[in-house]
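[1] next come a sequence and a model predicted from it.
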Amino acid sequence: MATVHFLPHGTAIPVIAGTRLIDAARAAGIRMETPCDGAGTCGKCKAKISANNTPLGLSGDAHKSLTQAEREAGWVLACQTTVHGDLHVEMEASDSDGLQILSDGQKLAVELRPWIRKFYDVETNATCVLAGKAVLTTEPGDTSAEMYGIAVDIGTTTLVTTLLDLRTGAELGVTSSLNPQAIHAQDVLSRIKMGSKPAGLQKLHAELVEEISRQTTHLAFKAGVALENIYEAVFSGNTTMLYLATRTDPTSLGKYPYVLSLEGGQHVSAREIDLRISQRGIVYLPPLFSAYVGADITAGILSTRLARQPGVVLLVDIGTNGEMVLSVNGRLTATSTAAGPAFEGMNIACGMRASRGAVELVSLGEHGIRVETIAGSDAVGICGSGLLDVVGELAAKGGLDKNGRFRNNGDQPWRDQWECLDGKPIFRIAGPVYLTQKDVRQVQLAKGAIRTGIEMLLKAAKVGAAQVDRVLIAGSFGFHLRTASLIHLGLLPKEFSDRVEFVGNTSKSGAEAFLLNRDTREEMRQTVAQVEVLELANDPAFEKSFIRSLQF
C-alpha cells in the first residue's frame, strides 16, 4: 500500500501499489478532466510530484505533451503515472473556478399553454395532474398553485438548467456547470465509443443525470419549491447527449447508415432515467433530425423562428459539435461537422475553459499586444474566444501565412512576443500563456470543419455567400466572440461581416418554449419532418472543400 497526499485539498488516501495517479485522485473525490480518455494526449491532468526519491511508473513517452521545463520541475500526467510509494501531489487548479457559461439566448414569446395542467376537485378534495390529456397523478388537497418544470440544455461541454413556474411562465432560477462526461471523453465521437459498451453507457448516463438532478435540487431549494411539484423536464441537446441522458445505446450513431433508435418528439419516465423530480414526472425529448443534428438545433429553429424568416438566413451553433441550418424563405437544410474541442480550449497548449484568469480577448496593434482576461485576473490560460482572437489577429496582420505557418518578419510592433520553447517557435500572449504552431493547426481544423459545413449548405441550396441576409451565431461557446475574428480566421465568408447576430444559447431558450407551450411540440415535429439533412461524410466534394477551408 501507498499513501497519496493531495495538495492543496488536504486529502490523503491509501492506494494499492500500481494504481494510476488519476484513479487515486478520483477515489479521493478530486475531479480531474481527461478529455482524451486517459490516452495522455490532451495534457489536462497535470500533477506535480513534490516528494523526493519516490518510485513512479511513467508510461513511455506519453509525457511528451509536457514541456521540458515542466518535466524537470516534477510535473507529470496523472493518467500516465502509477504510484509505487508515498506521494505528495500538487494538483493543477481546476479551470471550472469562476466558469462562465452563457445561459441566455434569444427568447421566443409564447402563449402560456404547458403540457402539464392541474385541476382541483372540491368534492374529493384532491388535485388532478394532467400530462396532455392523460392523468399523471392525483394529490390530496389543493396543490393547484404548485406546478413547475425544468428546461435543460445538455451541451457536449456544458449543462444549463432552468426552473420555471408553469402557472406564470416565470423563470425562478438558472444554474450551469460543466458536463461531467467531458472528464472522460471530450467530443461526441469519443462518447459514442465509450457509451457503446454497457459499463461506459451506465457511467456516462449516471454522471450526467446526477449532475442535472443536483442542479435541479439546488434551484428548487433556493426557490422554495418541492421536487415533487416539478412534473416535467425538457432535455435539449445534440442527438448523442439525448441518447446518453436516456441510457439509450448510441452504437448506431457511430456506424453508417446512422439509424436512429430514438427519434425524439416523445416522453420518457423521469423515474426510469433516475432524474430527481416528481416520482410521476416525465421528460420531453424534442424531435431529432439525424445522428448528428439534434434537439439543440430543433430548439434553435424554434427560438429564432427560423422557418418563418424571410429571405436567406443561416443559423450556426458553434461548439464541439458544429451544427447549422440554412433557411431560404422558410425552406430548411441542415448539417453538422465535427469541429472538435479546440473552441473549448481543449488540445491547446495553454487552453482552458472560460473561467477566472482565462485570456478572452486579444488584439494586436501599433503599440504591441493588448490582452483581457476573465475577472481581470492574472493570465493563467486561454479560452476559446481568446484563442480565436489571437489566431485571427495573427492571420489578419501578417503573423501567419495563408497555410497557418508562423511568420515573424522582425518588424512587427509585437515582435517581442515571438520566442522559442523546447526548440520550437511560440507566440507569447501574456505571462505563462502562449500559442504554439500545433495550436494554430487545431484552430484550422475546427474552423475548417465549420466553414466547410457552411459552404456545403450554400452549395446545396444554390445560394452564394453574398445572398445571405442574416447570420445567426448560437451556442454557449464564448462570451466575447468577435465578428472580426470569425472573418479573419475564415470561419465565416467575408461577405458575412455586416450580417452577423449573436443569438446566444438558443438550445436553452427553445427548451423553455417547449416547456411553456405544448403547441410548439407538434409544430416542430412537422418542421423537422420537412427539413433536408445533408450527410457530409457521404459527399465526395467534402474533402476538397475542407482542404480549401483550412486556409486563412
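    Received the coordinates, thanks. Residues are numbered from 1 along each chain as shown.

[2] where in the protein is the helix or strand with the lowest mean pLDDT?
    Scoring the helices and strands of the chain by mean pLDDT, DSSP states H and E places strand 56-58 at the bottom, with a mean of 56.

[3] export whichever helix or strand comes after it to CSV, keeping only CA atoms.
    The helix or strand immediately downstream of strand 56-58 is helix 68-72, counting by DSSP states H and E. Extracted in CSV, the C-alpha atoms of helix 68-72 (Å, rounded to 0.1, in the frame of the first residue of the first chain):
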residue,chain,number,x,y,z
GLN,A,68,11.0,20.0,-20.8
ALA,A,69,10.8,22.7,-18.1
GLU,A,70,7.6,21.2,-16.7
ARG,A,71,9.1,17.7,-16.6
GLU,A,72,12.2,18.9,-14.9
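
[4] now do the helix or strand following helix 68-72, average pLDDT.
    The helix or strand immediately downstream of helix 68-72 is strand 75-77, counting by DSSP H and E. Mean pLDDT, strand 75-77: 83.

[5] just give me how far strand 75-77 sits from the chain centre.
    The chain centroid and the centroid of strand 75-77 are separated by 26 Å under C-alpha atoms, centre = their mean, to the nearest Å.

[6] that strand: partners in the sheet, and parallel or antiparallel?
    Strand 75-77 has its sheet partners listed here by DSSP bridges as strand 46-49 (antiparallel).

[7] let's test this: mean pLDDT of the partner strand, rounded?
    80.

[8] could you do stretch 13-28 as well?
    Mean predicted confidence for stretch 13-28 is 81.

[9] switch to numbering from 10
    Let's use 10 as the start, then, which means that last one is stretch 22-37.

[10] report the backbone C-alpha coordinates of that stretch in CSV.
    Presented in CSV, the C-alpha positions along stretch 22-37 are these (Å, rounded to 0.1, in the frame of the first residue of the first chain):
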residue,chain,number,x,y,z
ILE,A,22,-5.8,8.3,0.5
PRO,A,23,-4.3,4.9,0.7
VAL,A,24,-3.9,3.0,-2.6
ILE,A,25,-2.6,-0.2,-3.9
ALA,A,26,0.8,0.0,-5.5
GLY,A,27,0.5,0.3,-9.2
THR,A,28,-2.7,2.5,-9.0
ARG,A,29,-2.8,5.3,-11.6
LEU,A,30,-2.5,8.7,-10.0
ILE,A,31,-5.7,9.9,-11.7
ASP,A,32,-7.6,7.0,-10.2
ALA,A,33,-6.2,7.8,-6.8
ALA,A,34,-7.4,11.4,-7.2
ARG,A,35,-10.9,10.4,-8.2
ALA,A,36,-11.0,8.0,-5.3
ALA,A,37,-10.2,10.9,-3.1
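
[11] roughly how far does the spatially most central residue of the chain sit from Trp423?
    Per C-alpha atoms, centre = their mean, the C-alpha nearest to the average position across the chain is that of Thr166, at 2.9 Å. In this view, Thr166 and Trp423 are 31 Å apart by C-beta to C-beta, to the nearest Å. Placement of C-beta: from N, CA and C, glycine included.

[12] per the record, what domains does this protein have?
    For the chain, automatic domain parsing gives the domain ranges 11-100, 125-306.

[13] need the winner for burial among those.
    domain 125-306 (a mean of 20; mean count of other C-beta atoms under 10 Å).

[14] average model confidence for that one?
    96.

[15] repeat for stretch 468-484
    95.

[16] run through the helices of the protein in chain order.
    30-36, 77-81, 197-204, 207-232, 248-254, 304-313, 393-405, 446-469, 492-498, 515-525, 528-539, 551-558 (DSSP state H).

[17] turn these into TSV, including distance to Val477.
    TSV is the format used below for the helices of the chain (distance: least, C-beta to C-beta, whole Å):
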stretch	distance to Val477
helix 30-36	46
helix 77-81	46
helix 197-204	27
helix 207-232	36
helix 248-254	26
helix 304-313	15
helix 393-405	20
helix 446-469	8
helix 492-498	13
helix 515-525	18
helix 528-539	21
helix 551-558	17
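
[18] out of the domains of the chain, the one nearest Ile556 is which?
    Among the domains of the chain, domain 125-306 comes nearest to Ile556, with 20.8 Å by C-beta to C-beta.

[19] centre of the chain to that closest one, how far?
    17 Å.

[20] can you check stretch 462-469 too?
    Taking C-alpha atoms, centre = their mean, one finds the center of stretch 462-469 at 24 Å from the center of the full chain.

[21] CA-only coordinates of it in CSV, if you can.
    Taking only C-alpha atoms (Å, rounded to 0.1, in the frame of the first residue of the first chain), the coordinates of stretch 462-469 have been written out as CSV:
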residue,chain,number,x,y,z
GLY,A,462,-20.4,22.9,-43.5
ILE,A,463,-21.5,26.4,-44.4
GLU,A,464,-20.1,26.1,-47.9
MET,A,465,-21.8,22.8,-48.5
LEU,A,466,-25.1,24.2,-47.3
LEU,A,467,-24.9,27.2,-49.6
LYS,A,468,-24.0,24.9,-52.5
ALA,A,469,-26.9,22.5,-51.8
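
[22] and for that stretch, what are the contacting residues?
    323, 325, 331, 333-335, 342, 344-346, 473-474, 477, 501-502, 541, 543, 545, 548, 550-551, 554, 558 (C-beta atoms under 8 Å, 6 or more residues apart in numbering).

[23] swap the cut-off to 7 Å and go again
    323, 325, 331, 333, 335, 342, 344-346, 473-474, 543, 545, 548, 551, 554, 558 (C-beta atoms under 7 Å, 6 or more residues apart in numbering).

[24] so which of the domains of the chain is nearest Lys517?
    Between Lys517 and the domains of the chain, the shortest gap by C-beta to C-beta is with domain 125-306, which sits at 4.1 Å.

[25] show the end-to-end separation of the closest one, please.
    24 Å (C-alpha to C-alpha, to the nearest Å).

[26] circling back to that earlier point, quick one: contacts for the residue lying closest to the residue nearest to the centre of the chain once chain neighbours are set aside?
    Spatial nearest neighbour of Thr166, excluding adjacent residues (C-beta to C-beta, 6 or more residues apart in numbering): Glu353 at 5.0 Å. Glu353 is in contact with 166, 329, 362, 393, 486, counting by C-beta under 7 Å, 6+ apart.

[27] what sits against Ile25?
    The contact partners of Ile25, by C-beta under 7 Å, 6+ apart, come to Met10.

[28] next, it: phi, psi?
    Reported as degrees, to the nearest 10, the phi and psi values for Ile25 are phi -80, psi 140.
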